[in-house]
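In: curious how this folds, go ahead:
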Amino acid sequence: MKNISVLGSTGSIGVQTLEICRNLENLNIIGLTCNKNTTLLKKQIKEFQPDYYWSNKKNINIQNSKLKSPINIATDPNLDILVVATEGLSSLKPIIRSLEASKVIALANKESILCGAELIIEKLEMHSGKLIPLDSEPASVKGILSQTNKKPKKIIITASGGPFRGHKFNMLKHITPDNALNHPTWKMGKKISIDSATLMNKAFEVIECSILFNFPVDKIEVILNPTSNIHALVEFNDNSFIAASYPPDMKIPINEGLNYPEFKNNEIYCEFQKEKLNGSDFEPFKSSDYPVFELGLEYGKRRGSWLVALCGADQAAVELFLNKKIQFTDIPILIESVLKSHKEETDLNINSIYRIYQNTINNTYDLARV
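Out: Presented below is the predicted three-dimensional model:
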């Protein structure tokens, strides 16, 4: 029996995680947290009966479960796997503390690994904790690398192109939030759906793979796979390829994470012929068609405080667009304007990361004059 806690249980990834746990007798939920959706949290607690819960809405009282902070939930002695399914940086401290307690973390939160990269890698090296990515592309790369001892030469991650594939970015001025949220292949939360529409999400994934696998950014490529049935490929030094192929369903990588260290779906990894990259399932990825991707990669490669500022500016820009305060095509303009005023900081710690992130969010709102 594995004891699981889910930070962000009422969001898209959290709900799908609990759907898997509902059907697997070897997984036991001991902790659940949410931001504000206490109505759903109460239903989840009633069904799964965790020992502990947390909500940013403090005025709730639930029988048979104890209120416990996310940090204490993340470091509970009985915890086996911590699923992090929150947005933003709210879970960075629990992640750090959980790794210090040598826990296994199944991570679906890009901001934490991007902003806290140095701290997280340091904790992984100092303690026996593990970090399992749940995002389909880095999860697929990790799965591929687990299939062989061969040395990777190139990592290829795929992109569907989002809802506006084939459209010129400068023609998307009047796109509405509903248009941008309508992803052709994935069902996701609002923030990641907008990041997928702008392709900022793909820039984040390139940087995430570089961090997680200690791999040069310039050896990570992106290719379009409109059906989202191929999630990643790795080319090895002997010129062979292995691909990760499965339907666009987040439950598959989530299931992999929950079953760590036993990967249940080895059949999704297969040898791949290079010639197929020129076939009908793929299209060339022209980064110049996606200015937000290029912007994200440009600043993301700088790492450190630049990545923190990038995540903060993107968080605010997406919120502004969703609230109809700016247009879709304003997103890269606003982000770049904010980043140009960022003053690099070194020797980041948990407090400086939070400060830079929040200050950048505030600066982005100020620049948008709302």
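In: excluding chain neighbours, what is closest to residue 139?
Out: The shortest distance from residue 139 to any non-neighbouring residue, by CB to CB, 6 or more residues apart in numbering, is to residue 253 (3.8 Å). Where C-beta positions appear, they are placed from N, C-alpha and C, glycine not excepted.
In: the one you found - that's part of a helix, no?
Out: Yes - membership of residue 253 in a helix is supported by DSSP: H, G, I helix; E, B strand; the rest coil.
In: tell me how far it lies from residue 231.
Out: Distance of residue 253 to residue 231, computed by CB to CB, to the nearest Å: 8 Å.
In: which residues do the two both contact?
Out: Residues touching both residue 253 and residue 231 (CB atoms under 8 Å, 6 or more residues apart in numbering) are 136, 139-140.
In: can you add neighbour count and give those back as JSON lines?
Out: What follows is the shared contacts of residue 253 and residue 231, written out as JSON lines (neighbours: other CB atoms under 10 Å):
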{"residue": "136", "neighbour count": "25"}
{"residue": "139", "neighbour count": "25"}
{"residue": "140", "neighbour count": "30"}
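In: who has more neighbours, residue 253 and residue 231?
Out: The neighbour comparison of residue 253 against residue 231 (other CB atoms under 10 Å) goes to residue 253, with 28 against 25.
In: isn't that one up against residue 142?
Out: No - Residue 253 lies out of contact with residue 142 (CB atoms under 8 Å); the separation is 9.2 Å.
In: which residues of the stretch 1-150 of the chain score low on pLDDT?
Out: For the stretch 1-150 of the chain, the stretches with pLDDT under 70 are 59, 63-64.
In: 90 - rerun?
Out: Applying pLDDT under 90 to the stretch 1-150 of the chain flags residues 1, 23-25, 36, 56-68, 87, 146-147.
In: picking up where we left off before, show me whatever sits in contact with both of residue 253 and residue 142.
Out: With CB under 8 Å, 6+ apart, residue 253 and residue 142 have common neighbours residue 133.
In: give me the distance between the two termini of stretch 21-41.
Out: Chord length of stretch 21-41, first to last residue, is 15 Å (CA to CA, to the nearest Å).
In: swap that for stretch 44-56, sorry
Out: From start residue to end residue, stretch 44-56 stretches across 16 Å - CA to CA.
In: outside of it itself, list whatever touches it.
Out: If you take CB under 8 Å, 6+ apart as the criterion, stretch 44-56 is touched by 5, 9-10, 18, 21-22, 29-36, 38, 41, 62, 64-70, 72-73, 76, 78.
In: buried subset of those?
Out: 5, 9-10, 18, 21, 29-35, 38, 41, 62, 65, 68, 70, 73, 76 (16 or more other CB atoms under 10 Å).
In: inside strands: which ones of those?
Out: In strands, defined here by DSSP state E, the members of those are 5, 29-34.
In: and these, which two are furthest apart?
Out: The largest separation in these, counting by CB to CB, is between 30 and 34 at 15.6 Å.
In: where does the stretch 201-350 of the chain have low pLDDT?
Out: Applying pLDDT under 90 to the stretch 201-350 of the chain picks out residues 226-229, 248, 256, 259-282, 288.
In: one more time with 50
Out: Within the stretch 201-350 of the chain, no stretch falls below the threshold (pLDDT under 50).
In: need the strands for it, in chain order.
Out: Ranges of strands within the stretch 201-350 of the chain are 220-224, 230-236, 241-245, 269-272, based on DSSP state E, counting those that start in this stretch.
In: residue 321: which of those strands is closest?
Out: Checking the strands of the stretch 201-350 of the chain against residue 321 by CB to CB gives strand 220-224 as the closest, at 22.9 Å.
In: run through who's touching stretch 281-289.
Out: Stretch 281-289 is contacted from outside by 158-159, 161, 168-169, 221-227, 229-230, 276, 293-294, 297, using CB under 8 Å, 6+ apart.
In: mind listing what's buried along it?
Out: Buried residues in stretch 281-289 (16+ other CB under 10 Å): 281-282, 285, 289.
In: can you tell me the centre-most residue of this protein?
Out: For the chain, the residue lying nearest the average C-alpha position, counting by CA atoms, centre = their mean, turns out to be residue 110 (3.5 Å).
In: what sits against that one?
Out: So residue 110 contacts 135, 201, 204-205, 208, 311 (CB under 8 Å, 6+ apart).
In: among those residues, which are in helices?
Out: 201, 204-205, 208, 311 (DSSP state H).
In: now these as a markdown table including distance to residue 336 and neighbour count?
Out: Output for the ones in helices among the contacts of residue 110, formatted as a markdown table (distance: CB to CB, whole Å; neighbours: other CB atoms under 10 Å):
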| residue | distance to residue 336 | neighbour count |
| --- | --- | --- |
| 201 | 17 | 25 |
| 204 | 16 | 26 |
| 205 | 20 | 26 |
| 208 | 21 | 24 |
| 311 | 14 | 27 |
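In: kindly reformat the residues you listed as CSV containing distance to residue 258.
Out: Output for the ones in helices among the contacts of residue 110, formatted as CSV (distance: CB to CB, whole Å):
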residue, distance to residue 258
201, 23
204, 23
205, 21
208, 20
311, 26
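In: right, I'll call it a day here.
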